[in-house]
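>>> Return a 3D structure for these sequence lines:
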Amino acid sequence: MIRRSVFLSVVSVALLSISSFADAAETTTRFDPRGTEFGNLVIASVTDLDFMQPLISAFQQSNPGVAVTYIEDTSNNLDASVSSACSDRVFYADLVISSSIAQQVRLVNGGCARVIGSPVLSSLPDWAQWRGELIGLTYEPAVMVYNKAAFEEDGPPRSRFDLIDLMRQSGKLNGRIATYDIEDSGVGYLFAFQDSTEASTWGRLIEGFGRNSVATFCCSSEVIDRVADGRAFIGYNVLGSYALSRAENDPRIGVILPSDYTLVLARAGYIPREARDATAARAFLELALSPQGRAILDGETRLLTPLSGPAALARLSDDDELTLRPIPLSPALLVSLDRAKRVRFLSQWRKSVTPPSP
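Numbering: from 1, shown residues only. Now for the predicted structure:
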């Protein structure tokens, strides 16, 4: 998951973490200070360290006396850890960053965060901040990834309508579609729930997934790996940051922003109520949205930002009428976490995508 960097002293320890959803490795990585240590910023996140390391490096250049401890986990495991810490009123991290924004809103709504109190909030669009306590740091589309060799003759589907037609009209995609396991992945569940409310194609889409024996995975990287080596031809609802970054260095895969609409996620951060170093956490958030931070996020990581993302995606797309639909950070997201709704939604998903027993 993590490539070791040679220019920093990094100590990584894999800790076994068990959640009710799945077993996964929580990884803790320490970046030693570049001067005399007088602080330690603890960041808990679901973001792959490779994508965050440039920001961490820039932060330590400006704050050489601050060590950074980076805790990386899956979205559901992270949510369980920070929820428990909030409930028990104990320290877990100084800054929490997650792509599972519905869970982030729930935590902030439950009083687990403190006011960020930074002028950087005034630069953000309204949809990318909530209550002065939760802010969107990135601008990441939900994309389709495809294996170029598999679609060399006819070209890949460009919309959900195209994908549904392809799943119905041929056996080409049977066993060759990959997407999130929405019971295991917080962001996968969020994208699926948003799909179900955004478009009339949802029922036909998951029916097609079931008929074509869709394979599901916890993480974007697993889906992209399968598409790259040809075990899958299409990866659906993959985080665009990971897909675009991978596609730049892997000629086997292509990336599509669906032409009917493209959901956009702002990976959100908040400072926990029990943070030990809220000042350093605030400085990190301010860096991420500063010109320097935006240059980093718009660069190799392709995480983009709410300030620069729309123009960047327009340049990347062949569609002159690209329909981008950012998911607002608001209490409306809590609907997807309602226990009864979640049970019904996951039941519908299982019935549709799980082949019946013989």
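
>>> Secondary structure element holding P156?
Using DSSP states H and E, P156 is not contained in any helix or strand.

>>> count of residues packed around it?
The tally of other residues near P156 (other Cβ atoms under 10 Å) stands at 20. No exception for glycine: its C-beta is placed from N, CA and C like everyone else's.

>>> Check Y70 too.
23.

>>> Doesn't it belong to a helix?
No: Y70: not assigned to a helix; according to DSSP: H, G, I helix; E, B strand; the rest coil it is strand.

>>> Pretty sure it sits against N40.
No: distance between Y70 and N40: 11.1 Å, which falls outside the contact criterion (Cβ atoms under 8 Å).

>>> Let me see the ranges of the helices in the stretch 51-200 of the chain.
75-88, 101-109, 160-169, 186-198 (DSSP state H, counting those that start in this stretch).

>>> Oh, that last question was meant for the stretch 251-358 of the chain, not what I typed.
278-288, 291-297, 309-316, 339-353.

>>> Just name the most buried of these.
Neighbour counts (mean count of other Cβ atoms under 10 Å) averaged over each of those peak at helix 278-288, with a mean of 21.

>>> a markdown table please, covering the helices of the stretch 51-200 of the chain and showing distance to R339, mean neighbour count and mean pLDDT.
A markdown table is the format used below for the helices of the stretch 51-200 of the chain (distance: least, Cβ to Cβ, whole Å; neighbours: other Cβ atoms under 10 Å; pLDDT from 0 to 100):
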| stretch | distance to R339 | mean neighbour count | mean pLDDT |
| --- | --- | --- | --- |
| helix 75-88 | 15 | 19 | 95 |
| helix 101-109 | 12 | 24 | 96 |
| helix 160-169 | 28 | 18 | 95 |
| helix 186-198 | 13 | 22 | 93 |
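
>>> Specify the stretch among these that is closest to L287.
helix 101-109 (19.6 Å; Cβ to Cβ).

>>> could you give the angle of the closest one to helix 186-198?
For helix 101-109 against helix 186-198, the angle between stretch directions is 100 degrees (axes from the mean of the first three to the mean of the last three Cα atoms, to 10 degrees).

>>> And the contacts of helix 101-109?
By Cβ atoms under 8 Å, 6 or more residues apart in numbering, the residues outside helix 101-109 that reach it are 75, 79, 82-83, 86, 96, 98, 113, 130-131, 133-134, 136, 186, 189-190, 193, 265-268, 270, 327, 329-331, 333-334, 336-337.

>>> The same query, at a cut-off of 6 Å, please.
Helix 101-109 is contacted from outside by 79, 98, 133-134, 186, 190, 268, 270, 333-334, 336-337, using Cβ atoms under 6 Å, 6 or more residues apart in numbering.

>>> which of these are buried?
Neighbour-count burial (16 or more other Cβ atoms under 10 Å) applied to those gives 79, 98, 133-134, 186, 190, 268, 270, 333, 336-337.

>>> From those, pick the one nearest I56.
S98 (16.7 Å).

>>> Contacts only, for that closest one.
46, 75, 104.

>>> what separates L322 from A312, distance-wise?
Distance of L322 to A312, given as Cβ to Cβ, to the nearest Å: 11 Å.
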